[in-house]
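>>> Sequence and predicted structure are below.
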Amino acid sequence: QLVESGGDSVQVGGSLRLSCTVSGITISEYAMAWFRQAPGKQREGAAAIDSDGTTSYTDSVKGRWTISKDSAKSTLYLQMNSLKPEDTAMYYCAADYFRARVVAGTGSYWGQGTQVTVS
């Protein structure tokens, strides 16, 4: 089970940290990612972290956001700085044993989402 939290309404230039609390799987063994979906738009991947800690980001968030995980707390994080109106979306975390599935958006495990609004 994946449960996101931390979404909120913030001003342009502000920061938020999203959390994804995981149960039922060992996150140190899984690839994980944050996806977002804005109204009327397709879901897109924002950031991913492999089981070995290697990270990757979509171009629009590089240099502004950081994905990380705390295996001891079984929690995935997304630190979002310098937020822009175009970052407004529902944010979801996802996990899968295979990185390719997570990155493709076909991961086995998904959370219910947390809303981020930037204005």
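Looks like it came in fine. Numbers count the residues shown, from 1 in each chain.
>>> Just to check, residue 85 is in contact with residue 119?
Yes. Counting by C-beta atoms under 8 Å, residue 85 does reach residue 119; the two are 6.3 Å apart. The way it works is simple: take the backbone N, C-alpha and C, and place the C-beta from them, glycine included.
>>> tell me, what's touching the two both at once?
Common neighbours of residue 85 and residue 119, counting by C-beta atoms under 8 Å, 6 or more residues apart in numbering, are residue 12.
>>> give me the number of residues near residue 15?
Residue 15 has 12 neighbours, counted by other C-beta atoms under 10 Å.
>>> Go through the host helix or strand of residue 69 and flag the buried ones.
For residue 69, the element it lies in under DSSP states H and E is strand 65-70. Neighbour-count burial for strand 65-70 flags 65, 66, 67, 69 (criterion: 16 or more other C-beta atoms under 10 Å).
>>> separation between the most centrally placed residue in the chain and residue 109?
Centre of the chain computed as the mean C-alpha position; nearest residue by C-alpha atoms, centre = their mean is residue 34, 2.2 Å away. Between residue 34 and residue 109 the distance is 13 Å, computed by C-beta to C-beta, to the nearest Å.
>>> State the next helix or strand along the chain beyond the lowest-mean-pLDDT helix or strand in the chain.
Taking all helices and strands of the chain together, the one with the lowest average confidence (mean pLDDT, DSSP states H and E) is helix 99-104, at a mean of 93. Later in the chain than helix 99-104, the nearest helix or strand by DSSP H and E is strand 109-110.
>>> Show me what that following strand is packed against.
Contact analysis of strand 109-110 by 3 or more C-beta pairs under 8 Å, 6 or more residues apart in numbering; DSSP states H and E lists strand 89-96 as its packing neighbours.
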